[in-house]
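> Quick one, what's the 3D model for this:
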Amino acid sequence: QVQLVESGGGLVQAGGSLRLSCAPSGRTDSDYSMAWFRQAPGKEREFVAAINANGDNTVYASSVKGRFTISRGNAKNTVYLQMNRLEPMDTAVYYCAAERGSFIRTSNYDYWGQGTQVTVSS
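Below you'll find the model as predicted:
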């Protein structure tokens, strides 16, 4: 069982930046593809960005492409989401997700973090 811990959320003005971090709470021996999702109030959870286990392949939702960057850290199975030019529509709880395996995916993740709130004021 993989437990993921997110950090880095907060309140920022429109046009500002935030960097989210996600790391497993314990040791993980396998390689995991990882992703970020978000859920705004009254809406379904939606895909934001994903990265494969090697870190050499990424995919983004059209709404964040060019503004957000997903990357892997030096520590095994850590992942970051750099969010630039934030807009009020980006306000949501952001969730980190992981799935064992090396291939990139945009759905069907088994392991999830508890979420971190991102609020963008206008």
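
> pLDDT value on Gly73, please?
Per-residue confidence at Gly73 stands at 88 (pLDDT).

> Return the distance of it relative to Val79.
7 Å (C-beta to C-beta, to the nearest Å). Glycine gets a C-beta too; all of them are placed from N, C-alpha and C.

> more crowded one of these two?
Val79 (27 against 13; other C-beta atoms under 10 Å).

> Nearest spatial neighbour of that one, chain-adjacent residues omitted?
Met34 (4.4 Å; C-beta to C-beta, 6 or more residues apart in numbering).

> and the one you found, that's in a strand?
Yes - residue state for Met34 (DSSP: H, G, I helix; E, B strand; the rest coil) corresponds to a strand.

> Neighbours of it, how many?
28.

> Kindly report the same for Thr69.
The burial count assigned to Thr69 is 17, neighbours taken as other C-beta under 10 Å.

> Could you report the distance from Asn108 to Val12?
For Asn108, the distance to Val12 under the criterion C-beta to C-beta works out to 31 Å.
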